[in-house]
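Peer 1: Need a 3D model of the following:
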Amino acid sequence: MFIKIVSGVSRHFPERILEWVMAVNIVWWGYRLTAPTTQWANVSAWEFMLSLGPSEEAWGWICVAVGTLRLLALVINGTFADTWYSAVSPWVRGATAGAGAVIWFIVFLSVSAANTSGAGIYQLPLILDLWCSLHVLFTIGRASRGAARNVGLP
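Peer 2: Take a look at the predicted model:
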């Protein structure tokens, strides 16, 4: 099983490297937010995020959950392409990339409202996750058109 997972992931890794990087990135960022010490020392920079309800730790667990689900979808999609899940996993990959983009958008809005230096860097993960979302949607579209051609549809 281990060899099947490694070979399945490595087969698709080059074309999905950005998805892997962004999934690990959000898991790591979320993990750091769950630490017992306060990561958001400048509370004004995170005021918008905190106004949405969840605490710093809750935001961390949300990020860890989104990233972990995304990593699982990447592993399963690359490894078990011959199962029922292969039809669903691209949608999970796209949804979790979209969820990551929403999180990074909220982060970007929060640090931008406080006029901090984070406004210059947090737009990068936002743009990258938007790109991943679009890439997955294009992949799903190509697969759908290919399946339609196989059954004789235009």
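
Peer 1: Now do the closest residue to residue 42 other than its chain neighbours against residue 108, distance only.
Peer 2: Closest residue to residue 42 apart from its sequence neighbours, by CB to CB, 6 or more residues apart in numbering: residue 116 at 6.6 Å. Quick note: C-beta positions are derived from backbone N, CA and C, even for glycine. Going from residue 116 to residue 108 by CB to CB, to the nearest Å gives 11 Å.

Peer 1: follow-up on the earlier one: the residue nearest to residue 42 and residue 46 touch, don't they?
Peer 2: No: Residue 116 is beyond contact range of residue 46, at 9.5 Å (criterion: CB atoms under 8 Å).

Peer 1: quick one, which of the two is more surrounded?
Peer 2: Using other CB atoms under 10 Å, the more surrounded residue of residue 116 and residue 46 is residue 46, with 23 against 16.

Peer 1: thinking again about what came up before, quick one: residues contacting the residue nearest to residue 42.
Peer 2: 42, 44-45 (CB atoms under 8 Å, 6 or more residues apart in numbering).

Peer 1: In this protein, what helix or strand scores lowest on average pLDDT?
Peer 2: The helix or strand of the chain with the poorest confidence is helix 2-12; it has a mean of 78 (mean pLDDT, DSSP states H and E).

Peer 1: Since that was my last question, I'll sign off now.
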